[in-house]
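J.: Compute the structure for the input listed below.
(2 chains)
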Amino acid sequence: MLSVMVVAATLFSVTTVMDSVETSIEKGTARLGADIMVVPAEAEAKAKTALLAGEPSTFYMDRSIEDKVRKVKGVKAVASQVFLQTAKYRCCDVSNMLLIGFDPKHDFTIMPWLSKELTRPLGTDEIIMGRGLTAYDVGSKIKFYGKYFEVVGMLEETGMKFIDNSVFMPYAAMKKLAEESKHKKGVKAANLPIDKVSTVLVQVEPEISPQRVAIFIEHDIPGVKAIVSEQVISSVRKQLFVLLRSILSISIILWIMALLLIGVVFSMIVNERQREIGLLRAMGAKKSNIFRLIMTEASILSIMGGIVGIALGGTFLYVFKGFIRASLNIPYLWPSAAEYAVLVAGCLLLSFLTGAVAALWPAIRSMRMEPYEAIRRGE
Amino acid sequence: MIEVKELTKTYKVGSDIIKAVDHVNLEVRKGEFISILGHSGSGKTTLLSLIGGLTKPDSGTVKIDGIDIWSISDNDLSELRNRKINFIYQFASLIPTLNIIENVLVPTAFRPKDEPINYYEFAMELLDIVGIKDKARSYPAHLSGGQQRRAAIARAFINNPEIILADEPTGDLDEETEAEIMDLFKRMNQTKGITFIIVTHSSDLARQTEKRYRMANGVLKEET
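T.: I've put the predicted structure just below:
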């Protein structure tokens, strides 16, 4: 039971983390809504860090690049964003948060993912927040550069810190905020360059691959880097899955060891209980009754081991969820209840199979024993 | 009712072949109360196991109510054992993880599920007969050797067997308990018509049976 418990706990934890990462990567990519992220060539690393780890960073390029990108072959839609990092100088201003200014007219990355649809345009003192900023909710007031903003919408959680930990406002509002901050006493002026954008998000035509369009963009527009979302995601997936695959390999080795161990243990149990098995046969038990008895015991023990293991794995994940999120530093979204149910069912099935497969030979051996021999040997 | 013909069973011990049962012939009528007397290693326990279908003979036949028990399937033989035969052993044969009432009810687990019999009440009745009703919820480890033997005897009667094969049923018990158990066997034999074959090394015990056989070196002879 102990060995099944260890295997179930490890497998459950690892598969849950793998599933979580996979889900959040897929969800995050979909929420990003863009196939390509165009950034200044020198800011590629910063952009990837911001995208994956959500670390606030700012970089800018000329606003005219947006129009240039729009004209590239294969581009379906374009939306620019401007990043501004908040700075704290007076009490109650929130610092080190990434403010993202977007153009509501061309936006396809923010507004569609509001958890509750907003039917009116955003005002200049209204913002939308990522779900990761848990201290706030719709109706909350928050102060940036000495100006209060009201939260009017929350995005659904994506697991991508870039989206979950950012604050979104129309570019016009951001521009106004920067302008006003210059005239406020005790407030450091927002350093927002005029006519600059941080990134141009691109949706490509369905018949052309994002990789191809990225090549066109980099060819047509000097000084920019076209980051294909898929490629960023797959590189993360690759890095993480190397680690998780090693853990999974250890789990598989553990599983094989558990199989052998349970097999040996049940062989010993059958040897120890030879007399009991012989007596049961003498009292009228059929071979099938004995087989079922051993298999049922093995299945119950391994399912119990599985349940305890899953509970331990689940507790481990729950207790260390913050640590896991922080140490992985990658998009991470906990599985839904349905996904958890599938994982639990899968681990339970595996636990059951472990016991059943391991006890199969001892069960067959016990079934084949001649009753008299079994009673005599067990004496 | 029990018809044993030319029954032979040999064992290989190292390079030696030992004839545990050597061309044994025996007829036991329904309701008979017989004993087989013999020293340790004379082959009497093996003979009892051959009659009860627990081990297969090298040659010869065992017929119970005209059925050659070694010509039927293993499932049918198990059913036949469950319906007609029960064993009482010389050792404590209770399952240690079950309490006494559960031990007594074990054979009923292999009966058809739709039987209209309240085995629980019958089991309590049997425990009352053997004098350990108050121990129904106790575990074997908490009972004396004599009480465990009584529980095993109660279990032997739970399926209303037609034949009881008892292997040294009173071995290592005091005289008083031995007498009580023999009285119980006689009562069951007379009131329910159960056939008893008792294997023993005690001449005193053998003298209490209607018919006596002696077994030596695998050969069975009736005592006159």
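
J.: quick one: residue A:363 is in a strand?
T.: No. Counting by DSSP: H, G, I helix; E, B strand; the rest coil, one finds residue A:363 to be helix, located in no strand.

J.: Can you show me the strands along the chain?
T.: As the question left the chain open, I've gone with chain A. A:36-40, A:61-62, A:75-85, A:98-102, A:126-129, A:141-144, A:147-154, A:166-170, A:196-197, A:199-204, A:224-228 (DSSP state E).

J.: should've been chain B
T.: B:2-13, B:16-28, B:33-37, B:59-64, B:67-68, B:85-88, B:163-167, B:195-200, B:211-216, B:219-222.

J.: Now do the longest one: which elements does it pack against?
T.: Just to be clear, that refers to strand B:16-28. Contacts defined by 3 or more CB pairs under 8 Å, 6 or more residues apart in numbering or on different chains; DSSP states H and E place strand B:16-28 against strand B:2-13, helix B:44-51, strand B:219-222. C-betas here are computed from N, CA, C, even on glycine.

J.: Just send the strands of chain B back as TSV, with mean pLDDT and mean neighbour count too.
T.: Formatted as TSV, these follow (pLDDT from 0 to 100; neighbours: other CB atoms under 10 Å in any protein chain shown):
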stretch	mean pLDDT	mean neighbour count
strand B:2-13	92	16
strand B:16-28	92	16
strand B:33-37	95	23
strand B:59-64	95	17
strand B:67-68	94	13
strand B:85-88	93	26
strand B:163-167	94	23
strand B:195-200	94	24
strand B:211-216	94	18
strand B:219-222	92	15
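
J.: what's the burial count for the closest residue to chain B within the stretch 151-300 of chain A?
T.: Here the stretch 151-300 of chain A gets closest to chain B at one residue, residue A:284, 2.4 Å apart by CB to the nearest CB. The local packing of residue A:284 (other CB atoms under 10 Å in any protein chain shown) involves 24 other residues.

J.: Tell me if I'm right that it and residue B:158 touch.
T.: No. Here residue A:284 lies out of contact with residue B:158, judged by CB atoms under 8 Å, at a distance of 10.9 Å.

J.: and for the two, which residues touch both?
T.: Common contact partners of residue A:284 and residue B:158 (CB atoms under 8 Å, 6 or more residues apart in numbering or on different chains): residue B:107.

J.: mind checking which of the helices and strands packed on strand B:16-28 is nearest chain A?
T.: Set against chain A and scored by CB to the nearest CB, these come closest in helix B:44-51, at 4.1 Å.

J.: helices or strands up against the closest one?
T.: Packed against helix B:44-51 by the contact rule (3+ CB pairs under 8 Å, 6+ apart) you find helix A:371-378, strand B:2-13, strand B:16-28, strand B:33-37, strand B:163-167, strand B:195-200.

J.: If we use 7 Å, what do you get?
T.: Helix B:44-51 is packed against strand B:2-13, strand B:16-28, strand B:163-167, strand B:195-200, with contacts defined by 3 or more CB pairs under 7 Å, 6 or more residues apart in numbering or on different chains; DSSP states H and E.

J.: Nearest to residue B:95, out of those strands?
T.: strand B:163-167 (18.2 Å; CB to CB).

J.: Can you list the strands that the closest one pairs with?
T.: Partner strands and pairing direction for strand B:163-167 (DSSP bridges) are strand B:85-88 (parallel), strand B:195-200 (parallel).

J.: could you check the angle strand B:16-28 makes with that strand?
T.: Angle of strand B:163-167 versus strand B:16-28, following axes from the mean of the first three to the mean of the last three CA atoms, to 10 degrees, is 140 degrees.

J.: Not including adjacent chain positions, what is the nearest residue to residue A:184?
T.: Closest residue to residue A:184 apart from its sequence neighbours, by CB to CB, 6 or more residues apart in numbering or on different chains: residue A:146 at 4.5 Å.

J.: so how far is chain B from that neighbour?
T.: According to CB to the nearest CB, to the nearest Å, residue A:146 stands 76 Å off from chain B.

J.: got it, and residue A:315?
T.: According to CB to the nearest CB, residue A:315 and chain B sit 31 Å apart.

J.: What separation is there between that residue and residue A:309?
T.: Look at residue A:315 and residue A:309: by CB to CB, to the nearest Å, they are 11 Å apart.

J.: what do you get for residue B:87?
T.: For residue B:87, the distance to residue A:309 - CB to CB - is 42 Å.

J.: Over to residue A:6?
T.: Relative to residue A:309, residue A:6 is positioned 7 Å away (CB to CB).

J.: out of the two, which sits in the more crowded spot?
T.: residue A:309 (28 against 20).

J.: any idea how far the nearest residue to that one once chain neighbours are set aside is from chain B?
T.: Setting aside the residues directly before and after it, residue A:309 is nearest to residue A:8 in space (CB to CB, 6+ apart), at 2.8 Å. Taking CB to the nearest CB as the measure, residue A:8 falls 26 Å from chain B.

J.: Touching, residue A:8 and residue A:353? I think so.
T.: No. Counting by CB atoms under 7 Å, residue A:353 is not a contact partner of residue A:8; they are 11.5 Å apart.

J.: who's more crowded, these two?
T.: Just comparing residue A:8 and residue A:353: by other CB under 10 Å the higher neighbour count belongs to residue A:8, 31 against 15.

J.: How about the contacts made by the more buried one?
T.: Residues near residue A:8 by CB atoms under 7 Å, 6 or more residues apart in numbering or on different chains: A:305, A:306, A:309, A:310, A:313, A:347, A:351.

J.: Output these in CSV, with pLDDT appended to each entry.
T.: Below are these laid out as CSV (pLDDT from 0 to 100):
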residue, pLDDT
A:305, 84
A:306, 84
A:309, 84
A:310, 85
A:313, 84
A:347, 84
A:351, 83
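
J.: Just among those, which is most surrounded?
T.: Busiest of these [other CB under 10 Å] is residue A:351, holding 30 neighbours.

J.: For residue A:258, see how far away the spatially closest residue to that one that is not a sequence neighbour is.
T.: Closest residue to residue A:351 apart from its sequence neighbours, by CB to CB, 6+ apart: residue A:306 at 2.6 Å. Going from residue A:306 to residue A:258 by CB to CB gives 11 Å.

J.: next one: residue A:248
T.: 15 Å.

J.: More neighbours: these two, which one.
T.: The neighbour comparison of residue A:248 against residue A:258 (other CB under 10 Å) goes to residue A:258, with 24 against 16.

J.: Indicate the residue of chain B located nearest to chain A.
T.: Relative to chain A, the nearest point of chain B is residue B:82 (2.4 Å; CB to the nearest CB).

J.: Run through the residues that contact that residue.
T.: Counted by CB under 7 Å, 6+ apart, residue B:82 has contacts A:283, A:284, B:107, B:110, B:111, B:159.

J.: So which bits of chain B are right by chain A?
T.: Residues of chain B that fall close to chain A, judged by CB under 7 Å from any CB of the partner chain: B:49, B:52, B:54-55, B:74-75, B:78-79, B:81-82, B:87, B:91, B:93, B:95, B:106-107, B:110.

J.: Could you identify the buried members of these?
T.: Buried subset of the residues of chain B next to chain A (neighbour count, 16 or more other CB atoms under 10 Å in any protein chain shown): B:49, B:52, B:54-55, B:78-79, B:81-82, B:87, B:91, B:93, B:95, B:106-107, B:110.

J.: Surely the residue nearest to residue A:184 touches residue A:187?
T.: Yes. With contact defined as CB under 7 Å, residue A:146 and residue A:187 form a contacting pair (4.0 Å).

J.: can you pull the contacts of the residue nearest the centre of chain B?
T.: Against the mean C-alpha coordinate of chain B, by CA atoms, centre = their mean, the closest residue is residue B:165 at 2.2 Å. Residue B:165 is in contact with B:48, B:51, B:52, B:85, B:87, B:197, counting by CB under 7 Å, 6+ apart.

J.: before we move on, what about residue B:88?
T.: Residue B:88 makes contact with B:152, B:153, B:156, B:164, B:166, B:167, B:169, according to CB under 7 Å, 6+ apart.

J.: Please tabulate the residues you listed in a markdown table, including the columns distance to residue A:322.
T.: A markdown table is the format used below for the contacts of residue B:88 (distance: CB to CB, whole Å):
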| residue | distance to residue A:322 |
| --- | --- |
| B:152 | 61 |
| B:153 | 65 |
| B:156 | 65 |
| B:164 | 70 |
| B:166 | 70 |
| B:167 | 68 |
| B:169 | 69 |
